[in-house]
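Trainee: quick one, structure for this:
(one chain, ligands or ions: 1)
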Amino acid sequence: MPDVFADLVGQDEAVDELRRAAAAAAAVLRAGAAAREPALIAAGPAGGATPDGVDPSTGMTHAWIFTGPPGSGRSVAARAFAAALQCVHGTGCGECPGCHTTMGGTHADVRLVVPEGLSIGVGEMRALVLRAASTPSGGRWQVVVVEDADRLTEAAGNALLKAIEEPPPRTVFLLCAPSTHPDDISVTIRSRCRVVPLRQPPATAVAEVLVRRDGIAPDVAQWAAAAAQGHVGRARRLARDPEARKRREAVLAVPRRLTGVGAAFDAASALIEAAEAEAEASVAEADTTERAALEMALGAGGTGRGAAGAVRGAAGQLKELEKRQKSRATRAQRDALDRALVDLAGFYRDALTMALRAPVAPVHTDTAALAGAGAQKWDAEGSLRRLEAVLACRAAIEANVKPRIAVEAMMLALWKG
Ligand SMILES: [Zn+2]
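Mentor: Numbers count the residues shown, from 1 in each chain. Modelled structure (predicted):
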């Protein structure tokens, strides 16, 4: 197994910083072992150098935020850093039990919050914070990874803030968010954390990892890396999954199909329905398995004393499950639609760069000719207006405008120009 940071593509600076921090954290543990009661640190002025000459107040801290565009590897970075903190040999060797179990998601002292719905609730967060305050069973750190910290509800954010403000001595919080904008993460949480900004990895770096790790042919890897616009997971799916390629092709056929008002509405319907179908396929299996497992756990029937109460409780649990599944389905739909919009934006961006004769490679090499024809017809101004219409649609959906309404408005704008 390679080093735990091997999958973090094109992020050399961040990896250096995280390795330094992991080394400082290990030094804290050694110093603490000598003093019998190791404790972090926080960024307090009382810091001071350890016997190893590493100053923990500059090297390590108890709360971190990983920021970057989707696909840049925020959660990959957070998990790798968690492994580096649990590594018993060094700073993320990838081979020791600490690294192995963390990367495999089974380390007893690493808790992962992966929201499936649109938000992370306060109940989940309180339970997590409570468990994270316990002494690490492996003798190192309790690590809490919150993926999509921007999806915390306000109450959940407050519960987390309290823990970050008065951190248990051996607990480390790793949050992931698109940015440090107050919409994504509260100013007070931000002020307690060290920020690790990740960049959009260059297509060449993404292609390299697809070839090296996934064994994908170099030409396919290059095409997929460019088409995915720096999103590593998306590039891998495009390279491997024919269904994903088919969906992308259907989206990129949209500009050609916009021949009138009726066609614009048809295209909007097709896009929405495709996103719904994709989302349904992605959650259907999990939904069925979860429901079967819950029904099994609750047991069917039962007539003895207390059975009526048990049935009421069971109904409540099923309702709760349905609510969670609905929330996850909505999220999956939005994600699918957003991927389609990013592909479409790439097409108009290609038209714009061609109209400007900018010396940059197209995002979608396979529709470059079509984008070239668009560039001639629309010129730079018309291409830019269309690109802006796609971006406005994403922003509207993000701001909770009904997807169908936003997409219809976009299609009309793309047709009219
Ligand atoms: Zn290790």
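
Trainee: spell out which parts of this protein neighbour the ion.
Mentor: Contact residues, the chain versus the ion (CB under 5 Å from the ion): Cys87, His89, Cys93, Cys96, Cys99. C-beta coordinates here come from the backbone N, C-alpha and C atoms, glycine included.

Trainee: so the first one makes contact with Cys99?
Mentor: Yes. Proximity of Cys87 to Cys99 meets the contact threshold set by CB atoms under 8 Å, at 5.1 Å.

Trainee: ok, Asp12 - how many residues close by?
Mentor: For Asp12, the count of nearby residues is 10 (other CB atoms under 10 Å).

Trainee: got it, and the one 5 residues further on?
Mentor: Residues contacting Glu17 under the criterion other CB under 10 Å number 16.

Trainee: in a helix, it, correct?
Mentor: Yes. Under DSSP: H, G, I helix; E, B strand; the rest coil, Glu17 sits within a helix.

Trainee: residues touching it, list them.
Mentor: Val196 (CB atoms under 8 Å, 6 or more residues apart in numbering).

Trainee: tell me the confidence at it?
Mentor: Glu17 carries a pLDDT value of 94.

Trainee: distance of the residue nearest to Gly139 when sequence neighbours are not counted from the ion?
Mentor: Leaving aside its sequence neighbours, Gly139 sits nearest to Leu29 (CB to CB, 6 or more residues apart in numbering; 7.9 Å). Remark: distance between Leu29 and the ion (CB to the ion, to the nearest Å) = 14 Å.

Trainee: which regions of the stretch 51-200 of the chain sit below the pLDDT cut-off?
Mentor: Counting by pLDDT under 70, the stretch 51-200 of the chain shows low-confidence ranges at 51-58, 115-118.

Trainee: show me where it has strands.
Mentor: 63-67, 110-113, 142-146, 171-177, 194-197 (DSSP state E, counting those that start in this stretch).

Trainee: sec struct for Ala6, please.
Mentor: Quick answer, by three-state DSSP: Ala6 is coil.

Trainee: was I right about it contacting Cys93?
Mentor: No. Using CB under 8 Å, Ala6 makes no contact with Cys93, being 11.2 Å away.

Trainee: which neighbours do Cys87 and Cys99 share?
Mentor: By CB under 8 Å, 6+ apart, the residues touching both Cys87 and Cys99 are Val4, Cys93.

Trainee: would you turn the strands of the stretch 51-200 of the chain into a markdown table with distance to Val232?
Mentor: Output for those, formatted as a markdown table (distance: least, CB to CB, whole Å):
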| stretch | distance to Val232 |
| --- | --- |
| strand 63-67 | 14 |
| strand 110-113 | 19 |
| strand 142-146 | 18 |
| strand 171-177 | 14 |
| strand 194-197 | 17 |
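
Trainee: what about Val187, how many residues nearby?
Mentor: By the measure other CB under 10 Å, the count of residues near Val187 is 9.

Trainee: what does Gly90 give?
Mentor: Other residues near Gly90 number 16, with proximity taken as other CB under 10 Å.

Trainee: how close does it get to Pro182?
Mentor: For Gly90, the distance to Pro182 (CB to CB, to the nearest Å) stands at 38 Å.

Trainee: now the residue of the stretch 151-300 of the chain found nearest the ion: how far from Ser134?
Mentor: At 16.3 Å from the ion, Val172 is the closest residue in the stretch 151-300 of the chain, using CB to the ion. Remark: distance between Val172 and Ser134 (CB to CB) = 14 Å.

Trainee: my read is that Met103 contacts Ala83, right?
Mentor: Yes. Counting by CB under 8 Å, Ala83 is a contact partner of Met103 at 5.3 Å.
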